[in-house]
Structure formats: structure tokens, C-alpha cells
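*Asks:* Sequence and predicted model, in that order:
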Amino acid sequence: MAWGNSSNVSTTNLDSGTDSPALARVDLKAALDELTAVIDGRGAINGVASLDASAKVINTELPDTLVSSSGVNLTLDPATGKVVLEEVLNLKPQTVTQLNTRTDVAEGDVAFCSNGDAGSPCVAVALAPDSAGEVNWYKIALGALISDS
């Protein structure tokens, strides 16, 4: 069922005391059909997301992918000042050339560089502007394999 549409609601036969009740019935029925579509649209495709008891969107109704508007960064700004990721963070590998040609680099950016340590992979961090005002990427070389012993 599609979400309600206000253009399907008419008050033509409802806005005057002299309007015909018989004609008003059709307008009232159409309005109630739209109201039903809104009620039934909760948690439905092309509807509106449901909220839990804390007025938060239910996790099963959240998208698996968030895509920001064209040309705009996606920003997470929690009130605590901390973003918590459970499990694993995956950074899309980028080459030295890709990182160095970015025009949006800011101090504190972190990337996975596929060839930034003399051709080997590394983690890269953008640090404060140098004397020429450039923000540069600095490598954090990867060490030995992880081990619990």
C-alpha cells in the first residue's frame, strides 16, 4: 500500500454548512482511505519507519547502507562525542596517488593505503598543515601478524 497523499483529499463538499451530506460522504471516504494508508504505512515499504519505546527507529528498519547527498560528507555527531563501532571497521583501500590527489583532506583523516609503505600496505593519517599549508599523509607501518601469545 502506498503512503497517504494529500492530493487525494478534497474538502470541496465539506467546507460549508450548506454542502450536501451525500456529496460529502465521497470526500470523507477518500480522506479516511488516505488516513488508513498512513496508519498502515508504518514499517511498510514506501511508508514510515516504526519507533521503539525510546522513540528510536527500530534496528530492523534501518538501511544497510547510508549514502550522503551529492557532494556532502556523511557526518556522525553523537552527543557523547564518541562513535562506537562494534566488531570490525573496514576502510576501502586507496593508493598513494588516490590519497595525494584528494582535495578534501583534513587533519585527523585516516585511510588504508594499499601501497604507501614502499609499495606495501599501511595505515595513513593526515596531520596538520606543513609550512606550505599542505595537509600531508603519514604512514603507520604494519608490523608482524597478530598473535595471542
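*Replies:* All right, it came through fine.
*Asks:* Return the distance of the residue nearest the centre of the chain relative to Leu74.
*Replies:* The chain has Leu66 as the residue nearest its centroid, 3.5 Å off, counting by CA atoms, centre = their mean. The gap separating Leu66 from Leu74 is 6 Å, by CB to CB, to the nearest Å. From N, CA and C alone the C-beta is placed, and that goes for glycine too.
*Asks:* same question, Arg25
*Replies:* Taken as CB to CB, the span from Arg25 to Leu74 is 49 Å.
*Asks:* The two: who's more crowded?
*Replies:* Between Arg25 and Leu74, Arg25 has the larger neighbour count (other CB atoms under 10 Å), namely 11 against 8.
*Asks:* For the more buried one, give me phi and psi.
*Replies:* phi -60, psi -40 (degrees, to the nearest 10).
*Asks:* what pLDDT does it get?
*Replies:* In this model, Arg25 is scored at 93, pLDDT.
*Asks:* All set now, cheers.
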